[in-house]
Structure formats: structure tokens, C-alpha cells
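J.: Just a sequence and a predicted model for now, questions to come.
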Amino acid sequence: MHFFYLDETGCSGADLNPAQDPIFVLGGLSVKDQGWVETTRRFRRVLTNYFGAPLPPDFELHAHELLSPNGSGRFEGHERVRRSQLAMDLLALLADRQHQVHYVALDKVALRDTGLGTESSTYNARIPYLQTTCAFTEINGLRT
């Protein structure tokens with residue numbers, strides 16, 4: 001059995017004319033049931049080491065906060081190089097634990113332009129609005 005964590009970015013509801021977020025990405029992480037406790041423990045340890053204190057009970061890691069130019073939310077004002085190292089440490093954890101990252105990216109404008117008024121017309125063999133899909137990814141030599 002696997003656990004699958006799924007999240008999205010670039011969601012603007014039914015708006016397919018987005019100025020700020022033209023790509024919708026649905027991504028996830030699959031974790032073997034035998035490994036999720038250890039992964040959670042190590043994930044929390046990496047974050048606790050970064051912050052130098054235990055995580056608050058309501059802590060959630062958001063990539064947009066971690067990777068924004070100046071950091072935001074709990075990462076506001078943290079040096080970029082330090083935040084980037086945290087991201088690499090978390091990716092290394094995924095690679096070490098041999099979890100798989102899955103994602104699909106959709107071009108919203110192409111999706112809008114593909115539709116001809118019926119749901120069935122947007123689904124065809126070419127799927128022109130599909131940007132990319134992946135069952136695993138490699139980032140800086142780390143296979144996740």
C-alpha cells in the first residue's frame with residue numbers, strides 16, 4: 001500500500017484567462033506505507049534543524065513561501081541561500097527515502113482554446129493543453 005499526498009498550484013477556479021498563473025500543476029508524493037513514519041520523522045528533523053526549534057503544531061511547508069525572492073510567511077527575511085539549501089535537503093530526503101514525485105502541468109490558455117463547447121471535445125488524442133507529466137523527476141542529480 002502507498003500513501004499519496006496531493007496538492008496543486010496555479011488554481012484560479014474556472015478562470016482560464018489567468019495573468020498571474022497560466023499553468024495549473026497538480027503534484028504529489030507517493031510514500032510506501034512501511035516508510036511514512038520514518039519519512040515524517042526525518043522531514044520534521046530537517047525543518048526543526050532549519051528553524052532551530054520544534055515546529056508549531058499548525059506548521060505547513062509552502063513552496064511559494066520558501067522560494068519567493070525574499071521569503072514569505074515563516075520564511076520571510078531568511079537568506080535565499082539558506083532557504084535554497086533547505087529545499088535541497090528536503091529533496092535529498094525524498095531521494096534517500098526512494099519516494100516518487102508525480103505531477104501533471106496544464107496550460108490554462110491552451111485548455112480554454114481547445115474547448116469547443118462540449119466536454120468531450122476537450123479530450124482528444126493530442127491533449128494540446130497538457131504541458132508535462134511525470135512519474136518521477138530528477139533534480140540536480142537527485143532522483144525523486
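T.: It's in.

J.: So what are the sheet partners of the lengthiest strand in the chain and their directions?
T.: Assignment by DSSP state E gives strand 23-32 as the longest strand of the chain. Strand 23-32 has its sheet partners listed here by DSSP bridges as strand 2-9 (antiparallel), strand 100-107 (antiparallel).

J.: Dump the ones you listed to TSV, plus mean pLDDT, distance to N17 and mean neighbour count.
T.: C-beta: built from backbone N, CA, C; applies to glycine. Shown next, in TSV, are the strands paired with strand 23-32 (pLDDT from 0 to 100; distance: least, C-beta to C-beta, whole Å; neighbours: other C-beta atoms under 10 Å):
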stretch	mean pLDDT	distance to N17	mean neighbour count
strand 2-9	83	18	12
strand 100-107	84	12	18
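
J.: Any idea which of these gets closest to G27?
T.: Judged by C-beta to C-beta, the one of the strands paired with strand 23-32 that comes nearest to G27 is strand 100-107, at 3.8 Å.

J.: picking that back up, and whichever helix or strand comes after the longest strand of the chain, what's buried?
T.: Downstream of strand 23-32, the next assigned helix or strand under DSSP states H and E is helix 36-51. Residues of helix 36-51 classed as buried: W36, T39, F43, L47, Y50 (neighbour count, 16 or more other C-beta atoms under 10 Å).

J.: if I look at the third one, how far off is P18?
T.: From F43 over to P18 the distance is 31 Å, taken as C-beta to C-beta, to the nearest Å.

J.: looking at the sheet around the residue most central in space within the chain, what are its partners?
T.: Centroid-nearest residue in the chain, with C-alpha atoms, centre = their mean: G27, separated by 5.2 Å. Taking DSSP bridges as the rule, G27 bridges to D7, Y103.
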